[in-house]
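Chemist: Structure for this input, please:
(2 chains)
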Amino acid sequence: MSSESSVAASATPATGAVSARKAFLKIDNRLLPPILITIILVTAHLNFGILEAYERTALAIVTAIAAELVLGRITYGQWLHPASAYISGISVGILVRSPFLWPYFFASFISILSKYVLRLNGRHLWNPSNLGVSAVLFLAPQTVSLLSIQWGNNLWPMAVIWLLGFVIVWRVGRLHVSATYVVAFIVFAFVRSAITGNPWQATLAPITGPMYQLFIFFMVTDPKVAVRPKWGQVLVVIVVAFVEMLLRLNEVIYAPFYALFLVGPAALLIEMAYTRALGSRLLAPGKP
Amino acid sequence: MTNQARQRALWVLWTVMFVASLGAVVVLNRSTVGTPVRPATSDGSSRHGFRLEESAKRRGIDFVHQAPTFDARLEHIMPQVAAMGAAVAVADFDRDGWQDFYVTSSGEGALNRLYRNKGDGTFVDVASEVGIADVNRAGTGVSMGAVWGDFDNDGFEDLFLYKYGRPELFRNDAGRAFVRVSELAGLPAWVNANAAIWWDYDNDGKLDLFLSGYWSEDIDLWHLKTTRIMPESFEYAENGGRKYVFRNRGDGTFEETSAALGIQSRRWTLAAAAADLSGTGFPDLFLANDYGVAQLYTNDGGKRFVEVGEHAGVGRTPKSGMNASFGDIFNDGRLSIYKTNISEPGVLVQANDLWVPKARAAGAGLEFENLASTMGVDLGGWSWGAQFGDLNNDGTLDMYLVNGYVSAGERTSYWYDFAEIAVGHSRIIGDAANWPPMRGRSLSGYQHKRVWTNDGVGRFTEVAQDVGATDTYDGRAVALADLSNRGALDVIVANQRGPLLVYANTVSPGRHWIAFDLEGTASNRSAIGARVEVQWNGRRQAQEVNGGSGFSAQNQRRLHYGLGASAEVERAVIRWPSGHTQTIERPGVDQVHRVRESR
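Modeler: Prediction:
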């Protein structure tokens, strides 16, 4: 998932706003998402016991970090910072639900491998854990499902996670992405309610669940697979929410993952093509 | 090699690994699930040692379960809230040596039935004749299940009926009639219960009763004051019905002792079972809860209970528990716990749990590990009742599982809407008005049953289609009983809104068996809680008489053991609830032993 996100965000050139943010908390930005997601996991487990078996989450994390270190070393000749892989692994460990161990291994491994395989112009196209989780879910429906339940009814852990999440995405400069998605989801939930005739409380229900907290703070915010302009990021995340609505209208249960899987790379490809076309035009002789 | 060429070669390598990983996921998924459902074959008997044949009609059984109709404000989700009530409980109520059974219906005004075994392979319904048919009258609620137990120690099994409504106790008058004694017994006016068992938790020789609410007891499902009646969470709900322990005073009255014993819970219990898991001689209590974790109460000398589910491992992960049954699956004297849950491909794979006890040091607490996946009994669809029993008489305990929630429109599914509401906050999920309408759609409907044979060394094999268990009704309760006294466990299946099925079991020749009908003297007369360990040919297997197990079900009290090719048993060691141990040396095989507790 998107540890990926803040890792890249940390490389953003400093501006006045960024300086202000950095003044807020003097922690390496690369460490913020791992810290947040770890807090989410620990809070959820202590309150609700979400982890059926520690070894499954551990396997997902170890697999992701090991794969990143080995593949990075061989490919780039250096040891890569494990923060991104840690988030991919822990996201897989939280999201994937299966009585077997192998889905945790392969979801993590495929997540990391995708960064080395599905690349164009030096960028990977898919959010790693989005791809890894979607792959095992699609290919192994009999044995794999996703975290699809709420984590209890105690509002305080939820409030803490939402608050921390928004602070951190603000800190890494992705608040507009998360906030836009939340607003878009709510709007489209009412649209779905109007179309299907189902109570709006039901169409709104998913966003009150933990799966969406991971999705909103760690997946849609991934800067490595985001288009560059801010308005473009806002547009893309609205399209993600729209495609999710279409999928939901077709009763696709894990719609947000598949929506991001479809829209994210498509947006990147469009941006690359546009950039290339723009570059060609700039290099071309001027019109008479 | 240039750097560019090296990068390209690496990309090719990673791509191959990527594709191989995707392929591995597909292969592992297929191998995990096993072979797809095949048409029934005729060689099930020779391959697996037994063959099942549905025989209800020819036995004179034509019972079809009816579901209730609750308050109109639940109309949009009626099939799922009125989804239980098909139950079966086996007992020889008239002491003629043949196993009879009671089945419940849940339609308002529908009649329950008591099928008396005529001994010639056929049955006759005598429920109306003996006074336990017309128990679903308007205003009194409807039946959810029943359990047999001789609470007055007169030698005849009495009947406790639990309902969404007024629970009832019927005293068996010498097998000729049943007398309603609910008020005298001191039962509560209204409980929305889905589980009850007879047990003698304090080993005083008198059967006590455990009753477990599902919906809160202040809800009248026919006259709702509010639609905020649903579970507050899909996996962390504690707004269900309360639990009751009725201690038998021995004079026809009971005292409610749950608070004093420490059994206080409002989880949504769907199944309960008791057995001596701790080795103390007193029965411990296991609760399979819907919308939450399971609970395991260890019995401290009949004086109090301690909930140890989390420490023991069985109560750590919240699932949708629907079954509680015990079996010595390794033939080593240890009872494992089987709890069913929900598995729906691509949506929710909770998987069923097979809790196998770990070896423990003296004084250490109970601990279990879940070996359901390892042993191949994890995926059973939307699973309901399951029972252990040696179906092929090979000397190991097999398992029969029924499943399926709502079979309505074919090729339709309510799962999307169900999954959407299930993640909602309590204020959303807890209000029935917020639930999307089902509109005639199925929810995990038309599922194939599971029959798992046990190889005794750690693996179960699914053989349902091969041996003839081919129905796809919405199964709820399953009970095992030797209906023909010929040494084979037949299977009785109660289906929601469906026909009662009786699968006659034909075991391959050359397989021996032994069975024990126990009668307590110092212990309760039903011998519930008695443990019999049979030792033969270097093997041993322990079973306990129970007062209800599975989901809304009760097997025959008779304990049945398959022996494989062995025609000799070294001994049978009986440990009675009174603490007395009785050993039978070299009991004869292929016969039922009627054993009275020696003083």
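
Chemist: alpha carbons only for contacts and neighbour counts from here, please
Modeler: OK.

Chemist: Name the nearest residue to B:Gly564, sequence neighbours excluded.
Modeler: The shortest distance from B:Gly564 to any non-neighbouring residue, by Cα to Cα, 6 or more residues apart in numbering or on different chains, is to B:Asp394 (4.0 Å).

Chemist: Also B:Ser523?
Modeler: B:Gly205 (4.2 Å).

Chemist: Run a quick check on the one you found versus B:Ser578, I expect a contact.
Modeler: Yes - look at B:Gly205 against B:Ser578 with Cα atoms under 8 Å: they come within range, at 7.1 Å.

Chemist: what residues are shared contacts of these two?
Modeler: Shared contacts of B:Gly205 and B:Ser578 (Cα atoms under 8 Å, 6 or more residues apart in numbering or on different chains): B:Ala522, B:Ser523.

Chemist: How about the contacts made by residue 253?
Modeler: This is for chain A. Applying Cα under 8 Å, 6+ apart, the residues near A:Ile253 are B:Val347, B:Tyr416, B:Ala419, B:Glu420.

Chemist: um, chain B though
Modeler: Neighbouring residues of B:Thr253 by Cα under 8 Å, 6+ apart: B:Leu184, B:Ala185, B:Gly186.

Chemist: The first one and B:Arg249 touch, don't they?
Modeler: No - if you go by Cα under 8 Å, B:Leu184 and B:Arg249 don't touch, sitting 11.8 Å apart.

Chemist: Chain A: helices as residue ranges?
Modeler: Remark: helices assigned in chain A by DSSP state H are A:3-9, A:16-24, A:32-48, A:54-76, A:83-95, A:102-117, A:128-139, A:155-171, A:175-196, A:200-204, A:210-214, A:230-249, A:255-283.

Chemist: Of these, flag the one that's most buried.
Modeler: Among these, the stretch with the highest mean neighbour count (mean count of other Cα atoms under 10 Å in any protein chain shown) is helix A:83-95, at a mean of 28.

Chemist: How about that one and chain B, any contact?
Modeler: No - on the criterion Cα under 8 Å from any Cα of the partner chain, helix A:83-95 is out of touch with chain B, staying 12.0 Å away.

Chemist: contacting residues around that helix?
Modeler: Applying Cα under 8 Å, 6+ apart, the contact partners of helix A:83-95 are A:1-4, A:7, A:30-31, A:33-34, A:37-38, A:41, A:51, A:56-65, A:68, A:104, A:107-108, A:111-112, A:128-129, A:132-133, A:146-147, A:211, A:214.

Chemist: for that helix, the distance to its chain's centre please.
Modeler: Averaging C-alpha positions (Cα atoms, centre = their mean, to the nearest Å) puts helix A:83-95 10 Å from its chain's average.

Chemist: Only C-alpha atoms, please: export that helix in PDB.
Modeler: Output in PDB follows, covering the C-alpha atoms of helix A:83-95 (Å, rounded to 0.1, in the frame of the first residue of the first chain):
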ATOM      1  CA  ALA A  83       9.500   1.800   5.200                       C
ATOM      2  CA  SER A  84       7.600   1.400   2.000                       C
ATOM      3  CA  ALA A  85       7.800  -2.400   2.100                       C
ATOM      4  CA  TYR A  86       6.800  -2.400   5.700                       C
ATOM      5  CA  ILE A  87       3.600  -0.600   4.900                       C
ATOM      6  CA  SER A  88       2.900  -2.900   2.000                       C
ATOM      7  CA  GLY A  89       3.400  -6.000   4.200                       C
ATOM      8  CA  ILE A  90       1.500  -4.700   7.200                       C
ATOM      9  CA  SER A  91      -1.400  -3.600   4.900                       C
ATOM     10  CA  VAL A  92      -1.500  -7.100   3.400                       C
ATOM     11  CA  GLY A  93      -1.400  -8.500   6.900                       C
ATOM     12  CA  ILE A  94      -4.400  -6.400   8.000                       C
ATOM     13  CA  LEU A  95      -6.500  -6.600   4.900                       C
END
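
Chemist: Sweet, I'm off.
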